[in-house]
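S.K.: here's a sequence, model it:
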Amino acid sequence: MVRGKIQMKRIENATSRQVTFSKRRNGLLKKARELSILCDAEVALIIFSQKGRLYEFSSSNSMQKTIERNREFSVEVESTNTEVEHHVQNLKSETAIMKKKIELLEGSKRKLLGQDLGSYSVDELCEIDNQLKRSLTNIRKTKEMLFVAQIEQLEASEKSLLQKNARLLEKCVLKPQPPQAEHGECITYTQSSQSSEVETELFIGLPEMH
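M.R.: Sure thing, here's the model as predicted:
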């Protein structure tokens, strides 16, 4: 036999309502007990009948203990929610401030680029002109400083290279050169011994024609 779907509304018949209450109450208490045993969970269940009669179940054997635990948890959750809300408000404030700063920067950028100037007065345009002149002056000063620094760096490099070149040149001059004989030069070799001296002349060049 197929059970029909029960409509979720108040049962008008008092007897049927009492019977349904008893069955559902016992089933709910049974499920709470099974949940606490099977899952090792702390479960508390409180039921008041239509006539005000109390039915309760607590897996910890102390309903008050479970209620206190629930109250402490609720306080912690409320405190956490308050901190989160405060943090969110701070983020919203910072976002609004950053948005205003971005709008100001974008406006300044448009002014410097010469865009949307139709709504500005003559005094405001003069102030923009002066600001551009000051910016151009600062840019030129910075560029000149960079040029001077680059020139000094190049001069230092040139000086270092000249010093290295001078040292290499000194080494080449001080290095001893082997003797070279000129064309037609006579070199005399002397051989000494304990008994006698012999002089030998060596002629380098073309023989004389007679």
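S.K.: pull the longest helix from the protein.
M.R.: helix 122-174 (DSSP state H).
S.K.: tell me which other helices or strands that helix touches.
M.R.: Judged by 3 or more CB pairs under 8 Å, 6 or more residues apart in numbering; DSSP states H and E, helix 122-174 is in contact with helix 63-112. (Each C-beta comes from the backbone N, C-alpha and C, glycine too.)
S.K.: show me what the helix it packs on is packed against.
M.R.: The contact analysis (3+ CB pairs under 8 Å, 6+ apart) places helix 63-112 against strand 44-48, strand 54-58, helix 122-174.
S.K.: could you check the angle helix 63-112 makes with the last one?
M.R.: Here helix 122-174 runs at 80 degrees with respect to helix 63-112, directions being taken by axes from the mean of the first three to the mean of the last three CA atoms, to 10 degrees.
S.K.: pLDDT of helix 122-174, averaged?
M.R.: Mean pLDDT, helix 122-174: 88.
S.K.: the chain should start at 792 in everything you say after this.
M.R.: Let's use 792 as the start, then, which means that last one is helix 913-965.
S.K.: now do that helix: distance to the chain's middle.
M.R.: On the basis of CA atoms, centre = their mean, to the nearest Å, helix 913-965 is displaced by 34 Å from the centre of the chain it belongs to.
S.K.: just the second one next, same as before
M.R.: On the basis of CA atoms, centre = their mean, strand 845-849 sits 57 Å off its chain's mean C-alpha point.
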